[in-house]
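Engineer: let me see the structure of the following:
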Amino acid sequence: MPYVGQKPADIISTAVDTVTGKFSGEVDAASLDISGNIDVDGVTNLDVTDIDGAVDMASTLAVTGIATFTDDIIIGDGKTIGSASDVDAIDISSGGIVNFTQTPTLVAKRLTNTPAFEAYLSSDTSISNLTSTKVPFDTEVFDSDNKYDNSTNYRFTPTISGKYFVYANVGVKESGFTVQQHNLEIHVNGSAYRNITNYVQTSEWAIHSNYISGILDLDGDDYVEIFTTVRQASGSPEMSGGVKVCYFGAYKLAGL
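Structural biologist: This next block holds a predicted model:
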């Protein structure tokens, strides 16, 4: 029969089958084996101040409140947190950090690359010669978090800070094979961030395409747009639409 209402004077060396009431002091044991459940009713804080040995539980420790640990939590080899059959999750605050001392192996899981989107120009669109023009990619292929505006400003605003891979392609139809120069630019917050320029030999291509990409470090309120400029010897330049020649996309890089 264990001591009730006072600290045991001697080391408990045998298994504890049933404990009623409460201990007012500490339980010092080389090994405390509990084969059943531990149920704590009406107790605000369960404070085990010193267990020198191991606490082995063959059954379940159920905690409906908050359990605070001042030292490490060690999960046995091959064991899991939660179960594969339900939706267990661990929430970590936005400022929290998870450190792995070894490279983790993800089995049938992936780190998300969202926000992500891709959109394209749905129909041929005329532009003015030698005029920097925002490309109105108006049809979405996908938009994971509704971060791309495909109807008004034609811009990507991720709202989540991080590094993003941004890419775009613009094809220009050559009227009479007279396109001479084709520029393509990634703009961030209204200013050119990256530019590519191709000079075209006249009478060489029916459709001239320019591709551009880059890794952008974006804050939550940054926005990205695509601009193009065409110099044509005669006639009016026209961006090619409807067959996804003109497209624009981006996705967040996980782990960076």
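Engineer: and the strands in this protein, which stretches?
Structural biologist: 31-34, 54-57, 116-120, 125-126, 133-134, 139-143, 162-173, 179-188, 191-199, 207-218, 224-232, 238-239, 247-252 (DSSP state E).
Engineer: which one of the ones you listed has the lowest average pLDDT?
Structural biologist: In terms of average pLDDT, strand 31-34 trails the rest of the strands of the chain, at a mean of 56.
Engineer: tally of neighbours for the closest residue to Ser209 other than its chain neighbours?
Structural biologist: Spatial nearest neighbour of Ser209, excluding adjacent residues (C-beta to C-beta, 6 or more residues apart in numbering): Gly171 at 4.3 Å. (C-beta placed from N, C-alpha, C; glycine too.) Applying other C-beta atoms under 10 Å, we find 23 residues neighbouring Gly171.
Engineer: which residues touch Gly171?
Structural biologist: By C-beta atoms under 8 Å, 6 or more residues apart in numbering, the contact set of Gly171 is Ile207, His208, Ser209, Asn210, Met239, Ser240, Val245, Cys246.
Engineer: skipping adjacent residues, who's closest to the last one in space?
Structural biologist: Nearest residue to Cys246, sequence neighbours excluded (C-beta to C-beta, 6+ apart): Leu121, at 3.8 Å.
Engineer: surely Ala119 meets Val135?
Structural biologist: No: using C-beta atoms under 8 Å, Ala119 is not in contact with Val135, being 9.8 Å away.
Engineer: give me the common contacts of those two.
Structural biologist: With C-beta under 8 Å, 6+ apart as the test, Ala119 and Val135 both reach Phe248.
Engineer: circling back: shouldn't the residue nearest to Cys246 be in contact with Thr228?
Structural biologist: No: Leu121 lies out of contact with Thr228 (C-beta under 8 Å); the separation is 10.6 Å.
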